[in-house]
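Engineer: just coords:
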């Protein structure tokens, strides 16, 4: 037992060393904005009820966990709730997180000794011929029981680095789940907006069809009275049929968008939902949060996932370094052996062994060294991918901000164009009936109004989509969610695993070798 105590003390003394580099989180970006010039604090407004309000950017404002509720649509909220309950991609992401957590707990088991209990008993008949005594035989029994102990002290921290690597993988799956959640909710919002936009475009097309049908009646009347030619009638019929031809593609897009929405909420296309979604049923949020770049890297799930991958790669370097160093294993056995059950606990039946072994690879053709160099290269790759992910995150926010500003101006212009086109068409219709203008003027006025009306509906929808894109680009507010029970485990957004850098590992400091 003294020898065992010495081994334990030696292992404890050596366990203060952890191989490989210690992970250091990347520095936060020092940029203060997302555009080369100062961002305008407010977008343009338009003289239209749906989606025409000016939107104000509020720097450093926090993002609500359920940001889609800012659109103030009960039907949209219900669709999100259905998606969170039934979408299979979210279920798969949750299962991946549970798998990663269990793998972490399994990996932590390598830090502790392994105990195995064994017992056996047998009776045998021996023939005396085997011992040079023919004609004799005798019975004998053997009973053994033992407790075996095996422990590989983590002298150089390779096991602890393996635990760190697996903990970082669990962290990665945590943020992959949040990314799935954010993508799902954003896609449902955009699909709902697209449905509302297509319904608006169909309604606008039907309005145009009515105008062109009425115009055809006027042209036919003018033709009967001799005020229009047959060519004018045919031209108006052609314009009417051309507009009618634009309706089926819109209806096809509407059906396909509805099918996509059904898939997102976890239902087959035979179901239906979102029938009441119209642009008029959505409220455009007028105050938009705008996180600082230093906050963005904390909020974006993809950036946090990339950081976790970087941490994994860092820890794997330590594993590779530890594998090049001596490996110590302590073993022990305590038990008994007797001639049968009846004598199992009699004095003199006890047995024990105590051993230690140390192994060091002297030559392996450079396998372990190149394995370490491969781990270093993997870290360099993860670092580059992290930087790329951060840049793409900045790009997403910058693109969303540009879109919000530009599309607000576009809507303002299309609303003005529609108003002018509507007034022009009304005037030309009167003039045509009075014979003051020819049919070509009427035809051009109709086409101008048709384009202006459709463009205005599309521009309205873009402002809603741009708003959703900004919330997605900023991370979606997952850190403020209240839609799950904090006591539950494995539910969306609930992660009982502490940050990797805060995990307390048995023994060992942060010194590298």
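Structural biologist: Yep, it's here. Only a predicted model underlies this, so the values are computations on that prediction, with no experimental measurement involved.
Engineer: from here on, contacts and neighbour counts on C-alpha atoms
Structural biologist: Fine.
Engineer: State the helix or strand in which the spatially most central residue of the chain lies.
Structural biologist: Nearest residue to the geometric centre of the chain (CA atoms, centre = their mean): residue 179, 1.7 Å. Mapping residue 179 onto the secondary structure by DSSP states H and E places it in helix 158-225.
Engineer: mean confidence score for the strand or helix carrying residue 413?
Structural biologist: Using DSSP H and E, residue 413 maps to helix 367-433. Helix 367-433 comes out with an average pLDDT of 94.
Engineer: and whichever helix or strand comes after it, average pLDDT?
Structural biologist: Beyond helix 367-433 on the C-terminal side, the first helix or strand identified by DSSP H and E is helix 439-473. If you average the pLDDT over helix 439-473, you get 93.
Engineer: Now do helix 439-473 against helix 158-225, angle only.
Structural biologist: 170 degrees (axes from the mean of the first three to the mean of the last three CA atoms, to 10 degrees).
Engineer: can you pull the buried residues of helix 439-473?
Structural biologist: 439, 442-443, 445-473 (16 or more other CA atoms under 10 Å).
Engineer: go on, stretch 262-279?
Structural biologist: Buried, per 16+ other CA under 10 Å, within stretch 262-279: 262-267, 273-274, 277-279.
Engineer: among the residues you listed, which are in helices?
Structural biologist: Among the buried residues of stretch 262-279, DSSP state H puts 262-264 in helices.
Engineer: Mind picking out the helix or strand in the chain with the poorest mean pLDDT?
Structural biologist: One helix or strand of the chain scores below all others by mean pLDDT, DSSP states H and E: helix 2-14, with a mean of 48.
Engineer: following that helix, which helix or strand shows up next?
Structural biologist: From helix 2-14, the next helix or strand downstream (DSSP H and E) is strand 56-59.
Engineer: Report the distance from the following helix or strand past that following strand to the chain centre.
Structural biologist: Later in the chain than strand 56-59, the nearest helix or strand by DSSP H and E is helix 74-86. Chain-centre distance of helix 74-86: 18 Å, with CA atoms, centre = their mean, to the nearest Å.
Engineer: got it, and stretch 140-151?
Structural biologist: Offset of stretch 140-151 from its chain centre (CA atoms, centre = their mean): 52 Å.
Engineer: What residues does residue 120 make contact with?
Structural biologist: Residue 120 is in contact with 143-145, counting by CA atoms under 8 Å, 6 or more residues apart in numbering.
Engineer: Show me the shaky parts of this protein.
Structural biologist: 1-17, 129-132, 135, 342, 344, 483-513 (pLDDT under 70).
Engineer: Could you pull up the residues touching the residue lying closest to the residue nearest to the centre of the chain once chain neighbours are set aside?
Structural biologist: Leaving aside its chain neighbours, residue 179 sits nearest to residue 301 (5.3 Å; criterion: CA to CA, 6 or more residues apart in numbering). Residues near residue 301 by CA under 8 Å, 6+ apart: 175-176, 178-179, 475.
Engineer: How about residue 71?
Structural biologist: 282-285.
Engineer: In three-state terms, label the nearest residue in space to it that is not next to it in sequence for me.
Structural biologist: Nearest residue to residue 71 in three dimensions, chain neighbours excluded: residue 283, at 4.6 Å (CA to CA, 6+ apart). What DSSP: H, G, I helix; E, B strand; the rest coil gives for residue 283 is coil.
Engineer: ok, residue 283 touching residue 69?
Structural biologist: No. Residue 283 sits out of contact with residue 69 when judged by CA atoms under 8 Å, with a separation of 9.6 Å.
Engineer: The two: who's more crowded?
Structural biologist: residue 283 (18 against 15; other CA atoms under 10 Å).
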